[in-house]
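Enquirer: Here is a sequence together with a model predicted from it:
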Amino acid sequence: MDIKNYFKMKQPQLGQQIQEWRKAKGLTQEELVEKCSLNVRTLQRIEAGEVSPRPFTLKAIMEALEIRQEEIPNSKLTAKISLDPKWFQLAFFAGMIYLITTMVEFMLDFTFYGGESVNGFLYSTIKFIVLIGFSIFMYGFFQMGIKFGNLLLQISAVLLAFGVLIFTVVDFYKFFILGEAMPEYLPIEAIVFGALYVLFGLGFINERKQSGTLFLSTGILGVLIGVGFLSVIFALPSLFVLIVFEILCLIILYQAGFSTEEQMTPPSTTPSTSPR
């Protein structure tokens, strides 16, 4: 279900209605934000009609105000955030396949960069599996960004998938056309993916209030990995830390695809992978 289906009421009417409900309950803005773990400035902007609240935020406000769905005029606020699990399940399994095959890819690249012979069919097959698996893996987070209204998560997931596509083409060009690894271009790849992983990590951090500490921890680790790639010097150790980051990403997808809605929905008191 798209975000627009969570409520039909538009700003500024929605903000005005929230303000009326709050005053009817005899609550100040400070008292309300304590109940739903927002900050005062965010509530002020919502009530003023300057911003539209995210579904998790709106749900937390409604629960704090003890407003039932039938009390919402011209609205279809859902009782729980409905996440279509099929894309997250697919992305989870694709991520598992990607994580396994990327380790094989690393060994093949290491052999190729060492000047040793690599089977062309095996090289191509692994590269394609990694590309497809990673793209579906990132599509899961693109869908998650849509569900949460997190534009940064959507954009960074798309850019990461596109980056892997570009550098896979470059790898094929070096392997089949040039016949040499050209390791002098690796710093460029590290810098590009470093910037993308910083954005991806920030996308998770941006979702921390809605989705809890797992998103925050994953986001911080993603930013650190991105900084490591950007430094070039720490790019290799960052590759190994990246495995931990991608496991956390898999856990997030698993929760979204296989957990119950109750497990995926935060309580009202808490509103809420590379250089291949």
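Expert: It's in.

Enquirer: What degree of burial does K23 show, as a neighbour count?
Expert: Residues lying near K23 (other CB atoms under 10 Å) number 11. Every C-beta, even on glycine, is put in place using the N, C-alpha and C of the backbone.

Enquirer: I misspoke; the intended subject was G194.
Expert: Look at G194: counted by other CB under 10 Å, it has 23 neighbours.

Enquirer: Could you name the helices and strands sitting against the one helix or strand it maps to?
Expert: Element membership of G194, judged by DSSP states H and E, is helix 186-205. In terms of contacts (3 or more CB pairs under 8 Å, 6 or more residues apart in numbering; DSSP states H and E), helix 186-205 is packed against helix 120-148, helix 151-172, helix 213-231, helix 235-258.

Enquirer: Columns mean neighbour count on top of those helices, output as JSON lines?
Expert: JSON lines is the format used below for these (neighbours: other CB atoms under 10 Å):
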{"stretch": "helix 120-148", "mean neighbour count": "20"}
{"stretch": "helix 151-172", "mean neighbour count": "18"}
{"stretch": "helix 213-231", "mean neighbour count": "20"}
{"stretch": "helix 235-258", "mean neighbour count": "18"}
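
Enquirer: do you know which of those helices lies nearest E50?
Expert: helix 151-172 (17.2 Å; CB to CB).

Enquirer: With distance to M96 added, can I get the helices and strands packed on helix 186-205 in JSON lines?
Expert: Shown next, in JSON lines, are those (distance: least, CB to CB, whole Å):
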{"stretch": "helix 120-148", "distance to M96": "8"}
{"stretch": "helix 151-172", "distance to M96": "17"}
{"stretch": "helix 213-231", "distance to M96": "17"}
{"stretch": "helix 235-258", "distance to M96": "7"}
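
Enquirer: circling back: how about the helix holding G194, which residues are buried there?
Expert: Buried residues in helix 186-205, counting neighbours by 16 or more other CB atoms under 10 Å, are found at 186, 189-190, 192-205.

Enquirer: nearest residue to R45 other than its sequence neighbours?
Expert: The shortest distance from R45 to any residue other than its chain neighbours is 4.8 Å, reached at V51 (CB to CB, 6 or more residues apart in numbering).

Enquirer: Checking that neighbour next. Helix, strand or coil?
Expert: Judged by DSSP: H, G, I helix; E, B strand; the rest coil, the three-state class of V51 is coil.

Enquirer: And for L27?
Expert: Counting by three-state DSSP, the backbone at L27 sits in coil.

Enquirer: Ramachandran angles for it?
Expert: Main-chain dihedrals, L27, degrees, to the nearest 10: phi -110, psi 140.

Enquirer: Look at it and say how many residues are nearby.
Expert: Residues within reach of L27, counting by other CB under 10 Å, total 16.

Enquirer: Could you report the separation of it from G15?
Expert: 15 Å (CB to CB, to the nearest Å).

Enquirer: Repeat that for P55.
Expert: Look at P55 and G15: by CB to CB, they are 16 Å apart.

Enquirer: Over to A157?
Expert: A157 sits 30 Å away from G15, going by CB to CB.

Enquirer: in this protein, which helix or strand is least confident?
Expert: In the chain, no helix or strand scores lower on mean pLDDT, DSSP states H and E than helix 261-264, which sits at a mean of 40.
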